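> from the sequence below, what's the structure:
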Amino acid sequence: MKQEILGYRVDTHSVEECADSVFATLQGKAGDRGRCAWLACLNPHSYSVALDDALFRQALQDADWLVPDGAGVVMASRLLGQGVAERVTGSDIFSALHQRMNSAGGMKVFFLGATEGTLALIRARMVREYPDITVAGTYSPPFKAAYSNEEIDDMVKTINAVEPDVLWVGMTAPKQEKWIDQNRSRLKVKFAGAIGAVFDFYAGQVQRSHPIFQRLGLEWLPRLIQQPRRLWRRMFISAPLFVWHVFKQKMERVREC
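Sure, this is the predicted structure:
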């Protein structure tokens, strides 16, 4: 099920339901096996960035799963009378999908993004926690705003050489979403997920907020304290802008009634 929020069709599934849906795609029980299905996350910051980035906006609208990765999106859904009941993060899907893949055995993943050091830490932890999943490859792209056609071709060629079931992309938004949307027709991959900060979380280089903060919808607060330069814009510009647009849509619906 999906519900419209500010022009985006957001999934209303729980974490487990969403992971089941993605896993069914990996097993060929859902979707078109000839294409790469993919998942993106919507939160107040990505919404705000997409207002001025048409390619990013289109990518979010193209995603097969657009999950409510932000307490603000859940709040907006409730205010607008929609059916998003809970927050679903990239970390949640990463963990839940890997549990299913590990139980099934014989599946392969590929990690695109981050530094070589971060990717090495991810590889080591994957071996410990998911021994029945094969890390078929990793690729650390250059740290730059945009890639040349040659660089993109090299990434696609490297991924396709091992034909992973799952491709995790951690280049940060909006670069990762646009990369998947623009290249998925070329990828020999069943599923791709744009999961950004999950690479750093899983590698242990950035600590995810305590579950109490997650349940209260305040996961952003400890992270803001840890990384103020990186996150201040999200909290003090993107979040208020998102809330304002939600209230505008609510008032428009009230007037239409």
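
> mind jotting down where the strands sit in the stretch 1-150 of the chain?
Counting by DSSP state E, counting those that start in this stretch, the stretch 1-150 of the chain has strands at residues 2-5, 8-11, 37-42, 65-68, 107-113, 133-139.

> could you dump the ones you listed into a markdown table with distance to F201 added?
Placement of C-beta: from N, CA and C, glycine included. Rendered in a markdown table, the data for the strands of the stretch 1-150 of the chain read as follows (distance: least, Cβ to Cβ, whole Å):
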| stretch | distance to F201 |
| --- | --- |
| strand 2-5 | 25 |
| strand 8-11 | 21 |
| strand 37-42 | 13 |
| strand 65-68 | 16 |
| strand 107-113 | 13 |
| strand 133-139 | 16 |
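
> Y147: neighbouring residues, count only.
16 (other Cβ atoms under 10 Å).

> check the gap between it and F247 for me.
38 Å (Cβ to Cβ, to the nearest Å).

> and if you look at Q58?
The value you get for Q58 to F247, if Cβ to Cβ is used, is 25 Å.

> now do M107
On the measure of Cβ to Cβ, M107 and F247 end up 44 Å apart.

> same check on T172?
With distances taken as Cβ to Cβ, T172 is found 29 Å from F247.

> so which of these two has more stuff around it?
Per other Cβ under 10 Å, whichever of T172 and F247 has more neighbours is T172, with 16 against 13.

> check whether the more buried one sits in a helix, strand or coil.
At T172 the chain is in coil, as set by DSSP: H, G, I helix; E, B strand; the rest coil.

> doesn't A197 make contact with Q176?
No: using Cβ atoms under 8 Å, Q176 is not in contact with A197; the gap is 10.6 Å.

> any residues in contact with both of these two?
G170 (Cβ atoms under 8 Å, 6 or more residues apart in numbering).

> the two - which one has more neighbours?
Ranked by neighbour count (other Cβ under 10 Å), Q176 and A197 place Q176 first, with 23 against 19.

> which helices and strands does the helix ranked longest in the chain pack with?
The residue-count maximum for a helix in the chain (DSSP state H) belongs to helix 239-256. Here helix 239-256 touches helix 44-50, helix 71-79, going by 3 or more Cβ pairs under 8 Å, 6 or more residues apart in numbering; DSSP states H and E.

> no more questions from me, cheers.
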